[in-house]
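Asker: Build me a model:
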Amino acid sequence: MPNLFSCNYYSFFLFNCSVCVGLFRSGVKMSDDQMKKMLRAVLQSNKNGVSISRLQGDYRSLTGEYIPYKQLGYPSLETLLHSIPSVVRMENRMGEVMCHAAVCQETAHIAQLVARQKSNKKVPGRSRMLNCQMRPKQSSSFMLYCRVKASDIPASARPSSSAPRLGPALRLRGASTLAGQQNLRRLQRQRRCQEDVQPTSVYNPKVVQSLLTEVLKKFTSGLWLSKLPEVYRAMHNQDLPGQAVIDLVNWTHICCVEKPGSTNRADRLNSFSASSLLTPTSPTPPPIASPRQPSSPAVDVPADVRVKLRELLSKYNQGLWAHALPKLYQETFKVPFPEDILANLCLLFDVCTVEYPMPDKKKAILYGPAAEHKAEVALSVPLQKWNCSSSDVPPLVLPKVEFPSVLVVEASSTTQVVLRYIGEDYSQAQQAMEESMRTLYSQPGAQRPLSFPRPGTLAAVKVEGGEEVVRAQVSEVMKDTVYYVDHGFSEVISKTQLMELQKDFFKLPFQASLCTLAGLGPFSSERSVLSTLESLAVGRILLAELLEQDVATPRVLLYDTSLSEDVNINAACLKALQDTTMENPLQVNSTYMNVSVTNVCSDGTIYCQLPSRGRVKLNEILEKVEAFFITQVTSDSLVSLPFCGMCCLARHKGKWSRVEITNLHGSRVLDIRFVDLGVPASVEVTELREIPPPFLRELAVIPPQAIKCCLVDLPPEMWTPEAVLWLRDAVLHSEDCMMTISKLDEAKLVHIYLFSSNGSQNDTNSINRQMATSGLWKRPAPAPQKDPSPRFLETTLSSVVDQVTLHSSDRSMGSGDMSSALSQALHTSVRLGMQLALPSPMELPQAGQNMDVFVSVACHPGHFVLQPWQDLYKLVVLMGEMILYYNQREERLVSLELRKGEVYAAKVDNNWHRVLVKAILSNGLVSVYELDYGKHELVGSRELEPLIESFRQLPFQAVRAQLAGVQQRVWSEAASIVFRNHVEKKPLVAQVESVVEAEFPWDRKVVVYLVDTSQKEKDVWIHNIIADFPEELSTAV
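Answerer: Predicted structure coming up:
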């Protein structure tokens, strides 16, 4: 196997994940030596080590599969690691096993270089580790940073709030909400990257204010702050003083710096990139983002419609598609929505903000008014029920990473779970503090007894039988009970153990934090739930997903990632409520009558419902739910905060049915599974409803009614699209089938003989035998290709897209008409292969100009990929629409004639990407290049579809780049690691040196300087780090 980090053809594919992904997807397994090399590469890139709970995820991020310890003959991952001390050095730190790369002679220089790097607080690859069942690989590369309103971006790719200057340009708008000093510091530091901005000089504020007022009179809809110096110079023939930009926040009588959008979850996580705008102070409401602006206040929209619309938008803080509004309004309030308003959205300028994410401006997103600012809450306070006398202790700031490691200390109920965060600013800081306390209180004279303990008093407590000293808070004086504020539990101690706490130890926030488990609030005291929680979580280090951060007790999801597949602890606790007596027990050689086939998958897997007490009860409750929604006029049932594993309701063939959320594609598009039907679907969040409280407990105890089955003697690799369609026609939705169980395997897959009616059980009459003896297993030769009129295909596709998917107000999952229309359109496009136009090239800055970027791929300084920051939210919207469109298609019957160099849509890890075909392999795989992310992938040929015109509007977002300011060379393994750790998956500022144009947009390249502005005191120019790299480790070109 070639050197993984050497700069050659294979290195390029490695850093773009195609060599590794190609090996594993084609079934090639790593040898023991290759596994050790990959493991060493993972550990070497982390100077502080990798926790054993995260190691599997980091390894999978690089290679595409988990460490195969079972295949190598080891019972656990830890046992394997102990057996290879030449590769891994292990240590126990604060109860957590940390793994470090063992240093040998040939890798000592790499270890020294990595050790010189500054600590990277953001752990790369965390979201990918959780992707086996929840979020696909793209959650760290697909969901990126973007504008505040682009709330679809998940937190895995977001930088910390210490990087305030990055993001789209600031904007200026009329007084509504202040952006604060953070955005001004952003501008101040950005000027250090811009050569055309003059140093700050003394100026007359009154004169500048007067001139600025004239500027703002011409821009009543607001002006982006980045454009202000240019506009100011053009109008007044003089430069805007740099200090004046800093002082803008204090000129509230002239203008107000604000960030548009709402202070929702995405705003909080993206506070570093808040878009701010400035407009003249005015009593009029802020204008919308639509092209037209009303000349007078809207009077045509009834007052009750405004109130109801605000109520709906408050449920969807991260935006609501305008096309979904009429149906949602009708279902929620039982009255029709005035359709004429959709044709003139500017009438809603005082109700919401309208944004057009696509260049063609055919679809709009509505955003509610900005929520009122909430003061930060000290999240550790709810743990104490006493009057704390330590007001000097700062509140605990929650981690900025999407999936922080936590130690679950205690769980008295699902709404009272005590956690401790693991990390540099948390457990490691606590360890350092307690080490200092041990040293201080071991000195004579430092152990001053606490004279008058009172409830709430903070004290230092010496642990009995040891030298450790920890912080505690007195809870009950009479019983001598204290609460350990950093460890999350109470204990009865002797008064002699209480000592005065020195002021130096008030600086660290209390480390024990309270949270509630999402989706389990109504079952907070259920014995079965608490028992499951105790066995799976308490006393263990897990990963947590924080769904909220601006509340005293945030809702979280807990995941156990120590196994080959991630375990959603919340979902496991909810399943503990199920009553197994409501199921029809499965037994080998048993025959079941009146079986209903609810779904037939493309690999021949089928889902069946058996007669059972649970099935009867389920139908009764769902009928009551239907009646409930018909009579209720409220928005309380709308799902405003979806999460993986959440159980809710969605319509299937016009009736409400139970679903589980399996994947999130941002905040508006998600994947669900109908648990009682076995049917997967991709829907918008507006199509979901929370289970009404009166029926929640009754539905929770009923087990899922869909049983996953496969037909005996018909292996998955034999199924063709023709065979799948034949089986669907024969048994799908039939309720009088009969089946005999042949085998039950460990994967809970039931092997059956299926009969189309309750008649004879002779094997010769089974569906299995009929299919095995048919000619459905022989793939027909592809039909000759024809080239009819492009106008015919354009008309067909446009009609189907408009009527079926993109502009349809009725997206009933499982609709035969919709599937048929989609299938017909896609088959037609496959057969005809019409050539559609490529998107227009992206506008790139000129030499010397700056742009905010996100580095999606970094191979070495000679090759990396940038994504312009400002329009990334448009890419998120586009990919959500692609998921909704392509996931509703039928299995394709006509083979897609792929051509090298053509653009298609490809399904990669549950997401649809715009790709360029690079090579067609003989084993059925296709090498593709992701045109929006710059990655190379290998996908199956059946995972590609024609890229329709609607998805060709947005310019391709991936821009190839090369680092300026360094001599290009054959970069060594160590240089590539250092560069990658500094830039990959990070927001940076790029200063353009030159643009290399090309015939095709994916061949364009920019030569840029990269600047990391996340540090408060100074900017870090990446080329300076690489330029200081030892020459002997790289070979000059």
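Asker: Just the buried positions in the helix or strand residue 35 falls within, please.
Answerer: Using DSSP states H and E, residue 35 falls within helix 32-44. In terms of neighbour count (16 or more other CB atoms under 10 Å), helix 32-44 has its buried residues at 35, 38-44. All C-beta atoms are positioned from the backbone trio N, CA, C, and that covers glycine.
Asker: and what of stretch 519-526?
Answerer: So for stretch 519-526, counting by 16+ other CB under 10 Å, buried means 519-520, 523, 526.
Asker: what would the residues you listed look like in TSV with distance to residue 684 and secondary structure?
Answerer: What follows is the buried residues of stretch 519-526, written out as TSV (distance: CB to CB, whole Å; DSSP: H, G, I helix; E, B strand; the rest coil):
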residue	distance to residue 684	secondary structure
519	20	coil
520	26	coil
523	28	helix
526	32	coil
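Asker: which of the residues you listed lies closest to residue 697?
Answerer: Among the buried residues of stretch 519-526, residue 523 lies closest to residue 697 (CB to CB), at 7.8 Å.
Asker: re earlier: what's the first helix or strand after the helix holding residue 35?
Answerer: Helix 32-44 is succeeded, C-terminally, by strand 50-51 (DSSP H and E).
Asker: for the record, mean pLDDT for that next one?
Answerer: When pLDDT is averaged over strand 50-51, the result is 83.
Asker: Name the strands paired with that strand and say parallel or antiparallel.
Answerer: Applying DSSP bridges, strand 50-51 is found paired with strand 96-101 (antiparallel).
Asker: I'd like the average pLDDT over the strand it pairs with.
Answerer: The model assigns strand 96-101 a mean pLDDT of 82.
Asker: same deal with stretch 245-262?
Answerer: 67.
Asker: Could you list the buried residues of the lengthiest helix in the chain?
Answerer: Longest helix in the chain by number of residues (criterion: DSSP state H): helix 613-631. For helix 613-631, a neighbour-count test (16+ other CB under 10 Å) marks 614-615, 617-618, 621-622, 625, 629 as buried.
Asker: CSV for the buried residues of stretch 519-526, including pLDDT and distance to residue 1002?
Answerer: Below are the buried residues of stretch 519-526 laid out as CSV (pLDDT from 0 to 100; distance: CB to CB, whole Å):
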residue, pLDDT, distance to residue 1002
519, 93, 43
520, 94, 47
523, 94, 51
526, 92, 55
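Asker: List just the nearest of the residues you listed to residue 757.
Answerer: Taking the buried residues of stretch 519-526 together and measuring to residue 757 by CB to CB, the closest member is residue 519, at 41.0 Å.
Asker: Please verify my assumption that that closest one contacts residue 570.
Answerer: Yes - using CB atoms under 8 Å, residue 519 is in contact with residue 570, at 5.4 Å.
Asker: Spatially nearest residue to residue 737 (excluding sequence neighbours)?
Answerer: Distances taken as CB to CB, 6 or more residues apart in numbering place residue 595 nearest to residue 737, at 4.3 Å, with adjacent residues excluded.
Asker: Please report the distance of that neighbour from residue 65.
Answerer: Distance of residue 595 to residue 65, computed by CB to CB, to the nearest Å: 37 Å.
Asker: These two: who's more crowded?
Answerer: The neighbour comparison of residue 595 against residue 65 (other CB atoms under 10 Å) goes to residue 595, with 25 against 19.
Asker: thinking again about what came up before, shared neighbours, residue 519 and residue 570?
Answerer: residue 645 (CB atoms under 8 Å, 6 or more residues apart in numbering).
Asker: if we can go back for a sec, in TSV: the buried residues of helix 32-44, plus distance to residue 727 and pLDDT.
Answerer: Listed next are these as TSV, based on distance: CB to CB, whole Å; pLDDT from 0 to 100:
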residue	distance to residue 727	pLDDT
35	41	83
38	41	81
39	44	85
40	49	83
41	46	79
42	44	82
43	49	83
44	51	76
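Asker: Among these, find me the one that's closest to residue 668.
Answerer: Lowest distance from residue 668 to the buried residues of helix 32-44 (CB to CB) belongs to residue 42, with 34.3 Å.
Asker: Touching, the closest one and residue 57? I think so.
Answerer: No - under the criterion of CB under 8 Å, residue 42 is not in contact with residue 57, lying 9.8 Å apart.
Asker: Find residues that contact each of these two.
Answerer: Common neighbours of residue 42 and residue 57 (CB under 8 Å, 6+ apart) do not exist.
Asker: Could you give me the buried positions within stretch 726-735?
Answerer: Buried, per 16+ other CB under 10 Å, within stretch 726-735: 726-728, 730-731.
Asker: Let's test this: mean pLDDT of it, rounded?
Answerer: Averaged across stretch 726-735, pLDDT comes to 88.
Asker: got any ranges where the stretch 451-600 of the chain has weak pLDDT?
Answerer: Along the stretch 451-600 of the chain, no part satisfies pLDDT under 70.
Asker: all helices for it, in order.
Answerer: For the stretch 451-600 of the chain, the helices defined by DSSP state H, counting those that start in this stretch occupy 527-536, 569-575.
Asker: Could you say which of these is packed most deeply?
Answerer: Ranked by mean neighbour count, the helices of the stretch 451-600 of the chain are led by helix 569-575 with a mean of 22 (mean count of other CB atoms under 10 Å).
Asker: Other residues contacting that helix?
Answerer: The contact list for helix 569-575, computed with CB under 8 Å, 6+ apart, reads 414, 517-520, 523, 529, 532-533, 536-537, 542, 557-560, 645, 647, 660, 700.
Asker: Mind doing that once more with 6 Å?
Answerer: Helix 569-575 has contacts (CB atoms under 6 Å, 6 or more residues apart in numbering) with 517-520, 529, 532-533, 536-537, 557-558, 645.
Asker: And these, which is closest to residue 1012?
Answerer: For the contacts of helix 569-575, the nearest to residue 1012 is residue 557 (31.1 Å; CB to CB).
Asker: ok now do that closest one, which residues does it touch?
Answerer: Residue 557 neighbours (CB under 6 Å, 6+ apart): 518, 545, 570, 643.
Asker: who wins for most neighbours among those?
Answerer: residue 570 (26 neighbours).
Asker: Against residue 666, how distant is that one?
Answerer: Noted for residue 570: a distance of 21 Å to residue 666, by CB to CB.
Asker: Test my guess that residue 593 contacts residue 736.
Answerer: No - using CB atoms under 6 Å as the test, residue 593 is too far from residue 736 to be in contact (8.1 Å).
Asker: what about the stretch 801-950 of the chain, any weak spots by pLDDT?
Answerer: In the stretch 801-950 of the chain, residues with pLDDT under 70: 801-835, 890-895.
Asker: 80 instead, please
Answerer: In the predicted model, the stretch 801-950 of the chain carries pLDDT under 80 at residues 801-836, 889-895.
Asker: all helices for it, in order.
Answerer: 816-832, 872-886.
Asker: how close does residue 347 sit to residue 305?
Answerer: 10 Å.
Asker: Those two: which is more packed in?
Answerer: More crowded of residue 347 and residue 305, by other CB under 10 Å: residue 347, with 22 against 19.
Asker: Ramachandran coordinates for that one?
Answerer: With angles defined as degrees, to the nearest 10, residue 347 sits at phi -70, psi -20.
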